[in-house]
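Visitor: Any chance you can model this:
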Amino acid sequence: MSDNRDATHGLRANTLSLHVVSVIGVASAAPAYSLAAALGLIAAIAGVKAPAILLLAFPPMAAIAIAFDQFNRIDPDCGTSFSWVTRAFGPTWGWFAGWAILTADVVVMASLAQVSAQYSLALIGQDAARHPLLAQGLGALWIAAMTGVCYRGIAFSARLQTALLLVELLVLAALAGLMLHAAYGGQRPDALLPTLAWFWPGGLPLRALLDALGLAIFIYWGWDTAVNVNAESDRPRETPGRAAILATVALLGIFALSSAAALAWAGPQFLVAHQDDVLAALGTQVFAAPWDRLVPVVVLTSAVAATQTTILPAARTALSMAQRNALPTALATVHPRHLTPSMATVWTGVLSTVWYLALAQLTPAVVAASLTALNLLVAFYFGLTGLACAWYFRRDCPTPRQFLLRVAAPLLGGGSLLALMVYLIAAPPDGQASAMAVALAVGILLLGAPVLVWQRRLIKNTAISVDCD
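Guide: Numbers count the residues shown, from 1 in each chain. This next block holds a predicted model:
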């Protein structure tokens, strides 16, 4: 094995700095795409208190980021939740945590590919709805292209992420700045001036609060990719966890500023009326031609960046699972020159393409249900990881600070996310569509059971040490 390989997984070691890993964490959450897809839906439930929902979703996300950091310090495994939950609760729960990561990453690819194709056509003046086959072909090409980038190497992937995120953040900052300037400067007489009440959830019914928080999971999700690249980081035990925490804080600032600016400029009714694509609707009003085309460009780059950073964690989780006999060992192949999980990367791209094309043949309601199901899968593996952290470190907290970081915060974060998941399953927000999402999420998890049974004999011989005492 060459010196530049990580000793555990065979990936390219000592490649990514704290700055670059933080960029990957923020880019994976796709701020522009997430705002475009979910801000209007949250405003439909919470009105001007949409920023409060985004603030309220931050503590559990930060708590899980802390859990990832603490686990990563003792086990910098690119399989993250798979490895760590196995340590705490045993191979079966660990396997389902890994399965939830893999399936969530594949499920979201349908939406990312669809948005990438839609905006690619919009930039040349074409409507995706009028050219469905062309749109599906473009979506598949975007998945293939980003699979190729991930196959090519982590350094190239990181450089592309940095460039895409820079464009995304510059346009979002310009959009928010212009909207707030117009509101406070009097150029928009009907503007709403932000107040502290926008950032406090008081007055919202509990049902509305919980339903909106379920949507906020989707907005924040993605920062954990920063930890999946731990084997390739310069300080594997420290850099990824710090980057995950920095990424969640950065996302909080982006979402709070953008949501408040959008409400100030247009009000909640406008956001609800344009909930299919809030940013595009705002861009046409805020930016003068031809600058109004910047917003479609930035949503496209955000979706493309997220496509790439969704392949990264899925491939690395599959690599870790395969190396420990929890998935077929063929997925443990590492490219001898690029030092990437080549077979796992290719299969992630293939399965994502199949899922995307299959979903494209179904009704929009099924596509929407798949995104709601995604929230449940994310809440499941995030929550399970938080509880695993608290349990694993319960007897290893010599100081109050360590108890807070290793037990209290992960327990509260993980418990709240699992409680939210149970609530969303027991009381779906909007009837039939949510019931479909619940059935899809539960079905995806149960679909893993035959694979688990198939691999059980090999899993019992896994190299992961298990501490369940």
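
Visitor: can you pull the buried residues of the helix or strand containing G25?
Guide: Element membership for G25, per DSSP states H and E: helix 18-28. Across helix 18-28, burial judged by 16 or more other C-beta atoms under 10 Å covers L18, V20, V21, S22, V23, I24, G25, V26, A27, S28. For every residue, glycine as well, the C-beta is placed using N, CA and C.

Visitor: ok, the last one touching A306?
Guide: Translated: S28. Yes - assessed by C-beta atoms under 8 Å, S28 is found in contact with A306 at 6.3 Å.

Visitor: Name the residues contacting each of those two.
Guide: G222 (C-beta atoms under 8 Å, 6 or more residues apart in numbering).

Visitor: before we move on, the earlier item: same list (the buried residues of helix 18-28) but as a markdown table, adding pLDDT and distance to P268.
Guide: Output for the buried residues of helix 18-28, formatted as a markdown table (pLDDT from 0 to 100; distance: C-beta to C-beta, whole Å):
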| residue | pLDDT | distance to P268 |
| --- | --- | --- |
| L18 | 95 | 38 |
| V20 | 95 | 37 |
| V21 | 96 | 36 |
| S22 | 96 | 32 |
| V23 | 94 | 32 |
| I24 | 94 | 33 |
| G25 | 95 | 30 |
| V26 | 95 | 26 |
| A27 | 92 | 28 |
| S28 | 92 | 28 |
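
Visitor: and which of these is nearest to D234?
Guide: Closest approach between the buried residues of helix 18-28 and D234, by C-beta to C-beta: L18, at 7.6 Å.

Visitor: Please name the nearest non-neighbouring residue to the closest one.
Guide: Once flanking residues are discounted, L18 sits nearest to T239: 5.0 Å by C-beta to C-beta, 6 or more residues apart in numbering.

Visitor: and the one you found, what is it in contact with?
Guide: T239 sits next to L16, S17, L18, V21, N230, S233 when contact means C-beta under 8 Å, 6+ apart.

Visitor: A37: how many residues sit nearby?
Guide: 23 (other C-beta atoms under 10 Å).

Visitor: ignore the last one, G185
Guide: By other C-beta under 10 Å, 9 other residues sit near G185.

Visitor: Repeat that for V167.
Guide: V167 has 16 neighbouring residues, counting by other C-beta under 10 Å.

Visitor: My guess is it contacts L300. True?
Guide: No - V167 is beyond contact range of L300, at 10.1 Å (criterion: C-beta under 8 Å).

Visitor: so where do the strands sit in the protein?
Guide: In the chain, no strands are defined using DSSP state E.

Visitor: centroid residue for it?
Guide: With distances taken as C-alpha atoms, centre = their mean, the residue of the chain nearest its centroid is G222 (2.4 Å).

Visitor: For it, give me its contacts.
Guide: Applying C-beta under 8 Å, 6+ apart, we find G222 in contact with G25, A27, S28, A29, A30, A306, T309, T310.

Visitor: Relative to R316, how far out is the last one?
Guide: Read that as T310. Distance of T310 to R316, computed by C-beta to C-beta, to the nearest Å: 12 Å.

Visitor: Compare the two (neighbour count), which wins?
Guide: The neighbour comparison of T310 against R316 (other C-beta under 10 Å) goes to R316, with 31 against 26.

Visitor: Please list all residues in contact with that one.
Guide: Counted by C-beta under 8 Å, 6+ apart, R316 has contacts H9, L11, C78, G79, N228, V229, A231, P341, A344.

Visitor: Now with 6 Å, please.
Guide: By C-beta atoms under 6 Å, 6 or more residues apart in numbering, the contact list for R316 reads C78, N228.

Visitor: same deal with the one 5 residues further on?
Guide: M321 makes contact with G79, F82, G98, L327 under the criterion C-beta under 6 Å, 6+ apart.

Visitor: which non-adjacent residue is nearest it?
Guide: L327 (4.4 Å).

Visitor: got the phi/psi numbers for the one you found?
Guide: Torsion angles at L327 (phi, psi; degrees, to the nearest 10) stand at phi -140, psi 170.

Visitor: where's it relative to Q285, distance?
Guide: 49 Å.

Visitor: G137 too?
Guide: The gap separating G137 from Q285 is 32 Å, by C-beta to C-beta.

Visitor: Now do the same contact list for G98.
Guide: F82, T317, M321.

Visitor: That one - nearest residue in space that isn't next to it in sequence?
Guide: G98's closest residue in space is F82 (C-beta to C-beta, 6+ apart), at 3.1 Å.

Visitor: I'd guessed the one you found sits against W95; true?
Guide: No - contact criterion C-beta atoms under 6 Å: F82 and W95 do not qualify, at 7.0 Å.

Visitor: before we move on, the earlier item: in a markdown table: the contacts of T239, plus distance to G443.
Guide: Shown next, in a markdown table, are the contacts of T239 (distance: C-beta to C-beta, whole Å):
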| residue | distance to G443 |
| --- | --- |
| L16 | 36 |
| S17 | 41 |
| L18 | 39 |
| V21 | 34 |
| N230 | 31 |
| S233 | 35 |
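
Visitor: farthest pair in the residues you listed?
Guide: The distance between the two most remote of the contacts of T239 (C-beta to C-beta) is 13.1 Å, for S17 and N230.

Visitor: These two: which has the busier surroundings?
Guide: Neighbour count, other C-beta under 10 Å: between S17 and N230, N230 has more, with 31 against 15.

Visitor: Model confidence for that one, exactly?
Guide: At N230, the model reports a pLDDT of 94.

Visitor: swap in T462?
Guide: Looking at T462, the pLDDT reads 47.

Visitor: From L160, how far out is A144?
Guide: 15 Å.

Visitor: Show me which of these two is the more surrounded one.
Guide: Taking neighbours as other C-beta under 10 Å, A144 and L160 compare with L160 leading, 19 against 14.

Visitor: Check the gap between the more buried one and Q285 for me.
Guide: Relative to Q285, L160 is positioned 31 Å away (C-beta to C-beta).

Visitor: Which parts of stretch 70-79 count as buried, going by neighbours?
Guide: In terms of neighbour count (16+ other C-beta under 10 Å), stretch 70-79 has its buried residues at Q70, F71, N72, D75, P76, D77, C78, G79.

Visitor: Could you export those residues as a markdown table, including pLDDT and distance to G40?
Guide: A markdown table is the format used below for those (pLDDT from 0 to 100; distance: C-beta to C-beta, whole Å):
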| residue | pLDDT | distance to G40 |
| --- | --- | --- |
| Q70 | 97 | 36 |
| F71 | 97 | 36 |
| N72 | 97 | 35 |
| D75 | 95 | 40 |
| P76 | 94 | 39 |
| D77 | 94 | 38 |
| C78 | 94 | 35 |
| G79 | 94 | 36 |
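
Visitor: What about those residues, which are in helices?
Guide: Using DSSP state H, the members of the buried residues of stretch 70-79 that fall in helices are Q70, F71, N72.

Visitor: nearest to I254, of those residues?
Guide: N72 (23.9 Å).

Visitor: In the stretch 201-350 of the chain, mark out all the helices, start to finish.
Guide: For the stretch 201-350 of the chain, applying DSSP state H, counting those that start in this stretch gives helices covering 206-220, 225-228, 239-273, 278-286, 294-323, 342-360.

Visitor: which residues touch the shortest one?
Guide: Put plainly, it is helix 225-228. With contacts defined as C-beta under 6 Å, 6+ apart, helix 225-228 is touched by 21, 24-25, 28, 68, 72, 78, 80, 240, 243-244, 247, 309, 312-313, 316.
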